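Q: okay, structure incoming, though there's no sequence with it:
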């Protein structure tokens, strides 16, 4: 890389970072942006509106940087949870690694590379020369100085392994302490059971009740059947749209805006009072919802959330085969109720399998297709013919390739989320995790291997080592003992009985929960609908 092009790229990125930092610091304090930058403070009523915009408030906007460094890990865990602490420890680990690598690279490797004579570069015009003189390419062939690079690699690897062990041990201790101090969560006591077999004349709910009452009589608590609610959810979505229109009509200040035509785009049909029109439409749609909800109660699918009185039993059920046939009584740990992804519960095994095959081929197609902009960006880094205007050449070779890559990469995460959502995952977090893995593999193949291919080093790779699963096998026994100790601790908690009562109904499909939109209180609708303020 040319030094002037590198400095141009660094300068542009630093300038953009400063601009975004200033914009964020100023905009986050404006009351109009409170819902975007501080939604939790607004929800809790703790957001403090500042005075009108002034020079003093402009300088005070940057005080958040100092406050961000003040909280300790305990305060961060109390306010934001364990995930925030782990996220910060990742940054700390990265800073430690790069600090050591920077010291070794700048003060040891760069001087030795510079003293080599392999390239014989003229330094009279250094800004327009390549930086290869500071790389290992400038070390003489067969020189003993190559051992300095080998030793640096071994030392760096050893230091990184030690830092990884230290961070892993620290985070593991934090996780165990957080687990013992946390309150019981529904997902720890519940498993999702699929492919439920049923005898003739028997319902799926009865089959689940008899099976787990027989084999887990002391710890079985309850179960919630999954039902086909796709049509009901469609009706709920349509009702929500009408309800939002009614809210907008009621908040209008001018009464004449309430009268419009009821036809297509408000251009056709008779003129009506929109408030009365939407209220009557809501009443009719509520009747359709009650009818559909009553019919859905009998549309059970061979899947159920089964809850137990101990975490250990739930873990045993989720990891051990429950039936003689490998395709029946398939159990897995259930996610938390707010994390459940409902659309794919009624999908058959064959449909989920076909969706997985489709997603695999779609990811491969997108990965191969993305090689076009990657190769285009790599080609721009070697445009040595642009000698007419030096500034244009530096911008194109130093900044434009990364801009093209980032522009195309911005569309990859949403695409991977859509593909992961049709693979049959039962939790939103599983969809996000699967999408992250797809993006990671996408980045590895398109960014890393494309760069290696451009340097013709890909052909030197002959062996791919498959990682062993020894750590996974060795780490099976310890979590079970941890669950038993936690169960014993919770059984002495007087509030555990109320938790069990809530656990029996917490995994109901949100579409089956009653919703009220209209203001009427007829006896036919009141038992089924809960209030919603307009």
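A: Yes, it's here. Everything quoted here is computed from the prediction, not taken from an experiment.
Q: gap between residue 280 and residue 236?
A: Residue 280 is 19 Å from residue 236, where distance means Cβ to Cβ, to the nearest Å. Placement of C-beta: from N, CA and C, glycine included.
Q: more neighbours: the two, which one.
A: Counting neighbours by other Cβ atoms under 10 Å for residue 280 and for residue 236 shows that residue 236 has the greater number, 19 against 12.
Q: just checking, what packs against the helix or strand where the more buried one lies?
A: Element membership of residue 236, judged by DSSP states H and E, is helix 230-250. Contacts defined by 3 or more Cβ pairs under 8 Å, 6 or more residues apart in numbering; DSSP states H and E place helix 230-250 against helix 274-296.
Q: the bottom helix or strand of this structure by mean pLDDT?
A: Every helix and strand in the chain was compared by mean pLDDT, DSSP states H and E; the lowest is helix 470-474, with a mean of 44.
Q: any idea of the mean pLDDT for the helix ranked longest in the chain?
A: Determined from DSSP state H, the single longest helix within the chain is helix 146-181. Helix 146-181 comes out with an average pLDDT of 90.
Q: again, but for stretch 224-239
A: For stretch 224-239, mean pLDDT is 83.
Q: buried set for it?
A: Neighbour counts over stretch 224-239 (16 or more other Cβ atoms under 10 Å) mark 224-229, 232-233, 235-236, 239 as buried.
Q: now, which of these sits nearest residue 14?
A: residue 233 (48.7 Å; Cβ to Cβ).
Q: hmm, back to that, now the helix holding residue 236 and helix 274-296, what's the angle there?
A: Here the directions of helix 230-250 and helix 274-296 differ by 160 degrees (axes from the mean of the first three to the mean of the last three Cα atoms, to 10 degrees).
Q: who's in contact with the helix or strand encompassing residue 307?
A: Element membership of residue 307, judged by DSSP H and E, is strand 300-308. Strand 300-308 has contacts (Cβ atoms under 8 Å, 6 or more residues apart in numbering) with 186, 189-198, 203-205, 208, 212, 216, 219-228, 314, 317, 331, 334, 345-346, 503-504, 507.
Q: out of those, which are inside helices?
A: Using DSSP H, the subset of the contacts of strand 300-308 located in helices is 186, 189, 204-205, 208, 212, 314, 317, 503.
Q: so among the contacts of strand 300-308, which ones count as buried?
A: Buried members of the contacts of strand 300-308, counted by 16+ other Cβ under 10 Å: 186, 189-196, 204, 208, 212, 216, 219-228, 314, 317, 331, 334, 345-346, 503, 507.
Q: quick one: the strands in the stretch 51-200 of the chain?
A: Under the criterion DSSP state E, counting those that start in this stretch, the stretch 51-200 of the chain carries strands at the ranges 190-194.
Q: low-confidence ranges, it, go.
A: When residues are selected by pLDDT under 70, those of the stretch 51-200 of the chain lie in 51-59, 118-131.
Q: give me the contact list for stretch 419-436.
A: Counting by Cβ under 8 Å, 6+ apart, 192, 332, 334-335, 339-341, 343-345, 347, 351-352, 355-356, 358-359, 362-363, 413, 416-417, 438 sit against stretch 419-436.
Q: show the buried residues in those residues.
A: Here, 16+ other Cβ under 10 Å leaves 192, 334-335, 340-341, 344-345, 347, 352, 355, 359, 362-363, 416-417, 438 buried among these.
Q: still on that earlier bit, next one: the strand holding residue 307 to chain centre, how far?
A: Centroid separation between strand 300-308 and its chain, computed with Cα atoms, centre = their mean, to the nearest Å, is 26 Å.
Q: next: stretch 321-331.
A: Averaged C-alpha coordinates place stretch 321-331 at 30 Å from its chain's average position (Cα atoms, centre = their mean).
Q: that one: which residues count as buried?
A: Buried residues in stretch 321-331, counted by 16+ other Cβ under 10 Å: 322, 329-331.
Q: let me see the mean pLDDT of that stretch.
A: Stretch 321-331 shows a mean pLDDT of 85.
Q: could you list the domains of this structure?
A: What the TED database lists as the domains of the chain is 12-70, 73-182, 188-347, 350-487.
Q: determine which of these approaches residue 497 most closely.
A: Comparison of the domains of the chain against residue 497 by Cβ to Cβ identifies domain 188-347 as nearest, at 10.2 Å.
Q: tell me how far that closest one lies from the chain's centre.
A: 23 Å.
Q: show the pLDDT at the residue most central in space within the chain.
A: Taking Cα atoms, centre = their mean as the criterion, residue 432 is the residue nearest the geometric centre of the chain, at 3.9 Å. Listed pLDDT for residue 432 reads 90.
Q: just the element for it, please.
A: Counting by DSSP H and E, residue 432 is part of helix 428-443.
Q: shouldn't residue 140 be in contact with residue 113?
A: No - checked against Cβ atoms under 8 Å, the pair residue 140 and residue 113 is beyond contact range at 10.7 Å.
Q: which of those two has more neighbours?
A: Neighbour count, other Cβ under 10 Å: between residue 140 and residue 113, residue 113 has more, with 22 against 13.
Q: distance of the more buried one from residue 133?
A: Residue 113 sits 7 Å away from residue 133, going by Cβ to Cβ.
Q: again, but for residue 181
A: Relative to residue 133, residue 181 is positioned 56 Å away (Cβ to Cβ).
Q: compare these two (neighbour count), which wins?
A: A count of neighbours by other Cβ under 10 Å puts residue 133 above the other of residue 181 and residue 133, at 18 against 8.
Q: tell me the spacing between the more buried one and residue 80.
A: Residue 133 is 47 Å from residue 80, by Cβ to Cβ.
Q: cool, residue 155 as well?
A: According to Cβ to Cβ, residue 155 stands 36 Å off from residue 80.
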